[in-house]
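Peer 1: one predicted model, sequence on top.
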Amino acid sequence: MKIQGVDVEDANEKLEISITKTDIRLGAKKNSDACAAARALCRQHHAEAALVHFSRAYIKRGDKWIRYGVPKALRGEILAFDRGGAFEPGEYVLAPVQPTVRLDAPSRKQYGRTAKKKQNGNRMKRPYHVVAGVRKHMVPDWE
């Protein structure tokens, strides 16, 4: 996976950030690379750039992006901030992504399925919920 032509790696350690009132005041709504969390990451961890989305955060250091999982508390603050509400200053811990969604995780196709039957039977699929009024979803450069 690549972002802006630069390779992405999964994080191996947790990362703590402290979002201040200044980060919030200078942060841009609906902008993953200039929001309060991205500003705090660049300021505290001396990153060249940061992208913060609802479930993933990316920090650019040198010639690579490092990928972290975003905690639910920070996701809620991002949602409120993008929709015009207040973003409360606080401490957040970005964790490495789960082993099943790591970039080096084996694909599900490798495990195979023994039975070839419908998963949903005759039930209708539930419509996918898209959160409106917030930042755009990231589209990585796939190799």
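Peer 2: Cool, got the structure. Numbers count the residues shown, from 1 in each chain.

Peer 1: mind listing what Q44 touches?
Peer 2: Listed by C-beta atoms under 8 Å, 6 or more residues apart in numbering, the contact partners of Q44 are 17-18. The C-beta positions use only the backbone N, C-alpha and C, and glycine is treated the same way.

Peer 1: for this protein, just list every one of the strands.
Peer 2: Using DSSP state E, the strands found in the chain span residues 2-3, 6-10, 15-19, 49-52, 56-61, 64-69, 90-94.

Peer 1: for P127, find the nearest of these.
Peer 2: strand 56-61 (23.5 Å; C-beta to C-beta).

Peer 1: contacting residues around that closest one?
Peer 2: 3, 6, 8, 15, 37, 41, 45, 47-52, 65-70, 94, 97, 138.

Peer 1: the same query, at a cut-off of 10 Å, please.
Peer 2: 3-4, 6, 8-9, 11, 15, 17, 32-33, 37-38, 41-42, 45-52, 64-71, 74, 92, 94-95, 97, 101, 138, 140 (C-beta atoms under 10 Å, 6 or more residues apart in numbering).

Peer 1: filter those down to the buried ones.
Peer 2: 3, 8, 11, 15, 17, 32-33, 37-38, 41-42, 47, 49-52, 65-70, 74, 92, 94, 97 (16 or more other C-beta atoms under 10 Å).

Peer 1: please enumerate the helices of the chain.
Peer 2: 21-26, 36-45, 72-82 (DSSP state H).

Peer 1: my read is that M1 contacts L103, right?
Peer 2: Yes - between M1 and L103 there is a contact under C-beta atoms under 10 Å: 5.9 Å.

Peer 1: and A40, how many neighbours?
Peer 2: Neighbourhood size, A40 [other C-beta atoms under 10 Å]: 22.

Peer 1: contacting residues for it?
Peer 2: 17-20, 22-24, 27, 50, 52, 89, 92.

Peer 1: now with 6 Å?
Peer 2: By C-beta atoms under 6 Å, 6 or more residues apart in numbering, the contact set of A40 is 17, 19, 23.

Peer 1: quick one: pLDDT of Q44?
Peer 2: Per-residue pLDDT puts Q44 at 93.
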